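>>> just coords:
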């Protein structure tokens, strides 16, 4: 079928052939009428308009603007489908100019004004340079190996150039980790008084808490017991302490990353306790309790 299709006007076919032949003319330096080729650079900021000018005279029979191998305008006819590309009509008769509105980095590159005269063809080449704001791309990153929970937080990426103010992007890094007990303890509580056992755990995602006495899970609201969870802290409260309430309790903290526990002793006033604080922070419990909690953990997550 050749260069032109069946539905292309004959004169447009001639323009295409003539324009493609003009591409074979070698590049030169900036010049005016009479030279075979002129070359220039235009620099604009991203978002502005770029005006591409071409000098013509009365001897011109055909003229067109091209971007690489795409015809933008041929004479007064627009070939480009891009609405941002328009021809400037209110210009001197010796000027054939087009405007590209709201330019972006994809518009950068060579543009050619191809002119056909009765004597010989000539071309004017313009290289459009678009200076844009710098943004973070997929190729710009920070590789954090063996990351720890201490490295979680907000990070700022700042890019700048001589064209515009620095561009700042904030990235929040969240490091998930299994719970660990921060604090666990109690005070001596007389029979008949209100007693409280406290357990605090750090975890991301936040920990869920469960309380056990030996291998029996304690439920909120049963047998005079109340459980309150507030953020990182869980409290096991006895509304009216009895002799049977004294003993060892286990606070279990768990999330999707793992599970941990601490033993806390509820004791009466005057009880001889050896290193109560160390016992409270102990992470040992019976095999049966660990097995029970682990099975519940698997069913939960």
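Yep, that arrived. What you see is a predicted model; the values in this text were computed from it and never measured.
>>> what about stretch 43-63, distance to the chain center?
Centre-to-centre, stretch 43-63 and its host chain are 39 Å apart (CA atoms, centre = their mean, to the nearest Å).
>>> Compute the first-to-last residue distance for that stretch.
End-to-end distance for stretch 43-63: 24 Å, by CA to CA, to the nearest Å.
>>> element containing residue 249, please.
If you go by DSSP states H and E, residue 249 is part of strand 247-255.
>>> helices or strands up against whichever helix or strand comes after that strand?
The helix or strand immediately downstream of strand 247-255 is strand 258-266, counting by DSSP H and E. When contacts are defined as 3 or more CB pairs under 8 Å, 6 or more residues apart in numbering; DSSP states H and E, strand 258-266 packs onto strand 177-186, strand 195-204, strand 247-255, helix 276-280, helix 287-300. C-beta here means a position set from N, CA and C on the backbone, and glycine is covered the same way.
>>> and strand 258-266, which residues are buried?
Neighbour-count burial for strand 258-266, counted by 16 or more other CB atoms under 10 Å, picks out 259-266.
>>> Give me the residues contacting the strand holding residue 249.
178-179, 181, 184, 197, 199, 201, 203-214, 218, 234, 236, 259-266, 285, 289, 293, 297, 300 (CB atoms under 8 Å, 6 or more residues apart in numbering).
>>> Make a PyMOL selection of whichever of those turn out to be buried.
Under the burial definition 16+ other CB under 10 Å, those of the contacts of strand 247-255 that qualify are selected in PyMOL by:
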select buried, resi 178+179+181+184+197+199+201+203+204+207+208+209+210+211+212+213+218+234+236+259+260+261+262+263+264+265+266+285+289+293+297
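>>> Just checking: what are the partner strands of the strand holding residue 249?
strand 208-213 (antiparallel), strand 258-266 (antiparallel) (DSSP bridges).
>>> shaky segments in the stretch 51-200 of the chain?
Per-residue confidence for the stretch 51-200 of the chain (pLDDT under 70) gives these ranges: 119, 132-133, 135-142.
>>> make it 90
54-63, 67-71, 75-76, 80-81, 89-95, 104-109, 114-125, 130-153, 155-173, 186-188 (pLDDT under 90).
>>> Run through the helices of it in chain order.
For the stretch 51-200 of the chain, applying DSSP state H, counting those that start in this stretch gives no helices.
>>> any idea where the strands of it begin and end?
Along the stretch 51-200 of the chain, counting by DSSP state E, counting those that start in this stretch, strands occupy 60-67, 70-74, 77-78, 85-88, 97-100, 109-117, 121-131, 153-159, 167-173, 177-186, 195-204.
>>> circling back to that earlier point, could you export the strands paired with strand 247-255 as TSV, including mean pLDDT and distance to residue 247?
Converted to TSV, the strands paired with strand 247-255 look like this (pLDDT from 0 to 100; distance: least, CB to CB, whole Å):
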stretch	mean pLDDT	distance to residue 247
strand 208-213	96	7
strand 258-266	93	6
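>>> Figure out which of those is closest to residue 246.
strand 258-266 (5.6 Å; CB to CB).
>>> Centre of the chain to the closest one, how far?
39 Å.
>>> tell me the angle of it relative to strand 177-186?
0 degrees (axes from the mean of the first three to the mean of the last three CA atoms, to 10 degrees).
>>> Quickly list what the most centrally placed residue in the chain is bridged to.
Among the residues of the chain, the one closest to the centroid is residue 171, at 7.4 Å (CA atoms, centre = their mean). Beta bridges link residue 171 to residue 155, judged by DSSP bridges.
>>> what's the answer for residue 159, then?
residue 167.
>>> quick one: contacts for the spatially most distant residue from the centre of the chain?
Going by CA atoms, centre = their mean, the residue of the chain most distant from its centre is residue 270, 59.5 Å out. Residues in contact with residue 270, defined by CB under 8 Å, 6+ apart, are residue 188.
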